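A.B. asks: this is a predicted model, with the sequence first.
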Amino acid sequence: MIARRRAFGLLGAALGTLAYADTAAGADEGQNGWVYTVPGTEIYAACQQDSKNDHDGNCTWFVIGVVTGASIEASANKTCLWNMTKEVNGRQLVDIVLKEMTDHPEKRHEPALILIIDAVRQAFPCK
């Protein structure tokens, strides 16, 4: 089970890096459709389940991976993606993503990577 969670985290990190790189480059979603393999609806359902199970499931690790991957890419490009302290944990990130997806159900069909990045950017905007 731990290996599976780590795999989801690594997948999230890799996809988060690619999604941020595409977004920063101004690429259309359709240009690299292979990047956007997880729809928001699937992550929303997984996050709801994780919130019932002490935030120790696939959603939590995927969200952490996306945030980590996008942060690495932004740092490498010397750009500000968000202004988040080190004290922010995976549980908080999942809560932020869940709130955004709950408040905006019309967006849940969009790629999970973009939804996660947008939710965290709104919660921790650059100064």
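C.D. replies: All right, it came through fine.
A.B. asks: mind giving me the packing neighbours of whatever helix or strand Q92 lives in?
C.D. replies: Q92 is located in helix 90-103, with elements delineated by DSSP states H and E. Judged by 3 or more CB pairs under 8 Å, 6 or more residues apart in numbering; DSSP states H and E, helix 90-103 is in contact with helix 40-52, helix 58-76, helix 112-123. In short, each C-beta sits where N, CA and C put it, glycine included.
A.B. asks: any idea which of those helices gets closest to D95?
C.D. replies: Evaluated over the helices and strands packed on helix 90-103, closeness to D95 peaks at helix 40-52, with 7.5 Å, by CB to CB.
A.B. asks: contacts for that closest one next, please.
C.D. replies: With CB atoms under 8 Å, 6 or more residues apart in numbering as the contact definition, helix 40-52 has outside contacts at 56-60, 62-63, 94-95, 97-98, 101, 107-112, 115-116.
A.B. asks: give me the angle between it and helix 58-76.
C.D. replies: On the basis of axes from the mean of the first three to the mean of the last three CA atoms, to 10 degrees, helix 40-52 is oriented at 110 degrees to helix 58-76.
A.B. asks: circling back: select only the buried ones of the contacts of helix 40-52 in PyMOL?
C.D. replies: If you want just the buried ones from those in PyMOL, going by 16 or more other CB atoms under 10 Å, the selection is:
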select buried, resi 57+58+59+60+62+63+94+95+97+98+101+108+110+111+112+115+116
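A.B. asks: with only the CA atoms kept, save the helix holding Q92 in PDB.
C.D. replies: The C-alpha trace of helix 90-103 is given here as PDB (Å, rounded to 0.1, in the frame of the first residue of the first chain):
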ATOM      1  CA  GLY A  90      -0.900  17.500   2.600                       C
ATOM      2  CA  ARG A  91      -4.200  17.600   4.600                       C
ATOM      3  CA  GLN A  92      -4.500  21.300   4.100                       C
ATOM      4  CA  LEU A  93      -3.700  21.100   0.400                       C
ATOM      5  CA  VAL A  94      -6.400  18.400  -0.100                       C
ATOM      6  CA  ASP A  95      -8.900  20.600   1.900                       C
ATOM      7  CA  ILE A  96      -8.100  23.500  -0.400                       C
ATOM      8  CA  VAL A  97      -8.600  21.400  -3.500                       C
ATOM      9  CA  LEU A  98     -11.800  19.900  -2.200                       C
ATOM     10  CA  LYS A  99     -13.200  23.300  -1.300                       C
ATOM     11  CA  GLU A 100     -12.500  24.700  -4.700                       C
ATOM     12  CA  MET A 101     -14.000  21.700  -6.500                       C
ATOM     13  CA  THR A 102     -17.000  21.700  -4.200                       C
ATOM     14  CA  ASP A 103     -17.600  25.500  -4.800                       C
END
